[in-house]
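Engineer: Test case, fold it:
(one chain, ligands or ions: 1)
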Amino acid sequence: VRALREGPGCTLEVIDQTKLPFALEWKTLRTAEETAVAIKTMVIRGAPLIGVAGAYGLALGLRGGELAVHYELLKATRPTAVNLAWALDRVRAAVEPLPAAQRFERAWKEAGAIAAAESDACKRIGQAGLPFFAKAKNVLTHCNAGWLATGDWGTALAPLYAAKESGVPLHVWVDETRPRNQGTLTAWELGQGGVPHTLIADNAGGLLMQRGQVDACIVGADRIAANGDVCNKVGTYLKALAAHDNHVPFYVAAPVSTIDVSLASGADIPIEERGGDEVRAWNGVALVPPEVKVANPAFDVTPAKYVTALITERGVVPATREGIARLFT
Ligand code: MRU
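Structural biologist: Predicted coordinates:
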């Protein structure tokens, strides 16, 4: 997200992720409404990035608009990644005590602070996670938790970029991640960064683990409950089960803004149910006739017991209530 100010004009320039990996196109967002549509339609996606974009979107809405109306509009776009609500709450808390005329400036500043902090968090996650990948040859990841999803470095990809920078000869197995195929974004990102990688169909990971071709798994997260249960892109849970069965470490990398200590366990996390057409067709090509009934849950919950460690900007902790509590003391 590039936040631009020229005279009285303020805009957000965002990469249109629906056009990748074939075209790198930027889109301009001028209002809270346009930002909400971009988040809902996944022009912008990824837990930390929708937090940052939501914060700027709320600022845009405060140029003459109502705080509560734009807060609710943006919050309703996507329910699972807590980063969005967390960032909107932060901006709201910063502007609420102020008179309407001062709110936009304060909100824009707060959004900038959130963006900078999330970017810094990703860099720290990279350094904190690096030791786990210093000897790994083959790493598997699911979805896209790189800089496209966060603004800088990424969460799950940050330690892999750090490993590449330190000369570790890593190769990454990239899950395709049906139905939105965020793995194609990861493949594109890794290609840009010169990290060797291979795109695989989602169901191939288990076989690769059985064959000893995966040394470690690392994924991002959209919300982590107080007990360490991890909600991430649908399909993550199956990879964690396969990793557990094959004694492959399974790491989760996320900033603390992704941890929702108000939820006792993953069972309380709202799982977004997306439209059936995402499954019925790909890029306008129908896979089944339109009357075929479809279910499309976008996330799943991996129980904490399958998570080897949580890698955060405040350090690496076990995925337990005590480990998480340590991050907040
Ligand atoms: O539905 P998306 O593409 O917005 O999914 C969110 C994610 O990017 C992932 O679940 C990711 O693994 C964690 S966010 C870096």
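Engineer: ok, now which ones touch the residue nearest to Pro249 when sequence neighbours are not counted?
Structural biologist: Leaving out its chain neighbours, the residue that sits closest to Pro249 by Cβ to Cβ, 6 or more residues apart in numbering is Thr308, at 4.2 Å. (C-beta placed from N, C-alpha, C; glycine too.) Contact analysis of Thr308 by Cβ atoms under 8 Å, 6 or more residues apart in numbering lists Pro249, Phe250, Tyr251, Ala319.
Engineer: Please list the members of those residues that lie in strands.
Structural biologist: Judged by DSSP state E, the contacts of Thr308 include Phe250, Tyr251 as members of strands.
Engineer: ok, the contacts of Thr308 vs the ligand, which is closest?
Structural biologist: Proximity of those to the ligand (Cβ to the nearest ligand atom) peaks at Tyr251, which lies at 12.4 Å.
Engineer: Please enumerate the strands of the stretch 1-150 of the chain.
Structural biologist: 2-6, 9-15, 26-29, 138-141 (DSSP state E, counting those that start in this stretch).
Engineer: Select, out of the ones you listed, the one closest to Ala116.
Structural biologist: Among these, the nearest to Ala116 by Cβ to Cβ is strand 2-6 (10.8 Å).
Engineer: Which positions within that closest one qualify as buried?
Structural biologist: Ala3 (16 or more other Cβ atoms under 10 Å).
Engineer: Am I right that Ile271 is in contact with Ala295?
Structural biologist: No - if you go by Cβ atoms under 8 Å, Ile271 and Ala295 don't touch, sitting 11.2 Å apart.
Engineer: Those two: who's more crowded?
Structural biologist: Ile271 (16 against 8; other Cβ atoms under 10 Å).
Engineer: what's the helix or strand for that one?
Structural biologist: Here Ile271, judged by DSSP states H and E, is contained in no helix and no strand.
Engineer: need the contact list for it.
Structural biologist: Contacts for Ile271 (Cβ under 8 Å, 6+ apart) come out as Thr80, Cys231, Pro297, Ala298, Phe299, Asp300, Val301.
Engineer: all helices for the stretch 101-250 of the chain, in order.
Structural biologist: Per DSSP state H, counting those that start in this stretch, the stretch 101-250 of the chain carries helices over the ranges 147-150, 157-165, 182-192, 205-210, 236-245.
Engineer: Select, out of those helices, the one closest to the ligand.
Structural biologist: Per Cβ to the nearest ligand atom, nearest to the ligand of these: helix 147-150, 3.9 Å.
Engineer: now the helices of the stretch 101-250 of the chain in a markdown table, with distance to the ligand, mean neighbour count and mean pLDDT?
Structural biologist: Output for the helices of the stretch 101-250 of the chain, formatted as a markdown table (distance: least, Cβ to the nearest ligand atom, whole Å; neighbours: other Cβ atoms under 10 Å; pLDDT from 0 to 100):
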| stretch | distance to the ligand | mean neighbour count | mean pLDDT |
| --- | --- | --- | --- |
| helix 147-150 | 4 | 25 | 97 |
| helix 157-165 | 9 | 24 | 97 |
| helix 182-192 | 5 | 22 | 98 |
| helix 205-210 | 15 | 18 | 98 |
| helix 236-245 | 7 | 21 | 98 |
